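Enquirer: Sequence first, predicted model second:
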Amino acid sequence: MNAERCEYLAGNVLIEVIPSISDEKPIHLISGDIGPFEAGVPCRVPMWTAILMKRKHNCKVVVPKWMEVDELKKLLASETENDGLAELPEHFFEISHMLVRNATDDIFEVEAVKSLIQDIYDRRDAKLRTSAIAFLSQNQTCHAQLDCVQLLETSSARATLNACKQVGTLVRNLHETTPM
């Protein structure tokens with residue numbers, strides 16, 4: 001799985017928008033109805049619909065509370081203080097990336113938001129890498145449980161984990177063939 005696939009899956013997450021158009025007829029889709037829309041009245045739509053409406057200048061996106069600067073600072077502090085991974089909203093990185101890319105004018109202090117999200121990602125990535133290397137260097141074959149890992153993180157860490165697994169195999173083979 002790659003980042004584009006992760007974003008595709010996150011596209012079904014509901015997000016609040018404030019339509020600038022009125023349309024009394026709902027849109028009938030296989031996944032469910034969207035609408036009706038009344039100008040100025042907030043409603044929840046899938047992320048992909050919000051982005052399409054935003055591109056047509058038919059809505060203002062209501063950015064999730066967790067994307068506010070103060071909330072992101074709290075998440076960053078939690079990542080820094082704890083050894084484990086902090087719990088994040090579902091599809092945290094995918095949604096924030098889509099909103100920063102498509103609804104920049106709806107995000108207050110967008111540069112600070114982008115910087116904080118990148119800092120959170122970097123801290124989490126460093127934790128995942130160091131814990132994976134430490135785990136795989138234990139010369140044991142066993143399983144591990146990763147709590148609070150985002151889908152995007154698992155897809156991006158796959159290459160690192162495979163490389164670490166290969167290194168672990170080489171180290172085990174070296175120890176097995178070394179004469180005593």
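Expert: Thanks, I have the structure now.

Enquirer: From here on, just use CA atoms for contacts and neighbour counts.
Expert: OK.

Enquirer: Output the longest strand belonging to this structure.
Expert: Assignment by DSSP state E gives strand 14-19 as the longest strand of the chain.

Enquirer: Which residues belonging to stretch 80-99 are considered buried?
Expert: By neighbour count with 16 or more other CA atoms under 10 Å, stretch 80-99 contains the buried residues T80, G84, L85, A86, H91, F92, F93, E94, I95, S96, M98, L99.

Enquirer: and these, which of them are in helices?
Expert: Here DSSP state H is the test, and these give T80, F92, F93, E94, I95, S96, M98, L99 as lying in helices.

Enquirer: give me every residue that touches V113.
Expert: Applying CA atoms under 8 Å, 6 or more residues apart in numbering to V113 gives the contacts M67, E68, V69, L72.

Enquirer: Quick one: list the elements packing against the helix or strand bottoming out on mean pLDDT in the chain.
Expert: Least confident helix or strand of the chain, by mean pLDDT, DSSP states H and E, is helix 151-177 with a mean of 72. On a contact count with 3 or more CA pairs under 8 Å, 6 or more residues apart in numbering; DSSP states H and E, helix 151-177 meets helix 3-10, helix 110-136.

Enquirer: Point out the one among these that comes closest to H57.
Expert: helix 110-136 (19.0 Å; CA to CA).

Enquirer: angle of that closest one against helix 151-177?
Expert: 20 degrees (axes from the mean of the first three to the mean of the last three CA atoms, to 10 degrees).

Enquirer: Please tabulate the ones in helices among the buried residues of stretch 80-99 in a markdown table and include distance to V167 as additional columns.
Expert: Listed next are those as a markdown table, based on distance: CA to CA, whole Å:
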| residue | distance to V167 |
| --- | --- |
| T80 | 28 |
| F92 | 31 |
| F93 | 29 |
| E94 | 31 |
| I95 | 34 |
| S96 | 34 |
| M98 | 36 |
| L99 | 38 |
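
Enquirer: When you compare pLDDT across those, which one is lowest?
Expert: Of all these, T80 carries the smallest pLDDT score, 91.

Enquirer: Which residue comes closest to that one once chain neighbours are left out?
Expert: Nearest non-adjacent residue to T80, counting by CA to CA, 6 or more residues apart in numbering: R123, 7.2 Å away.

Enquirer: That concludes my questions; thank you for your assistance.
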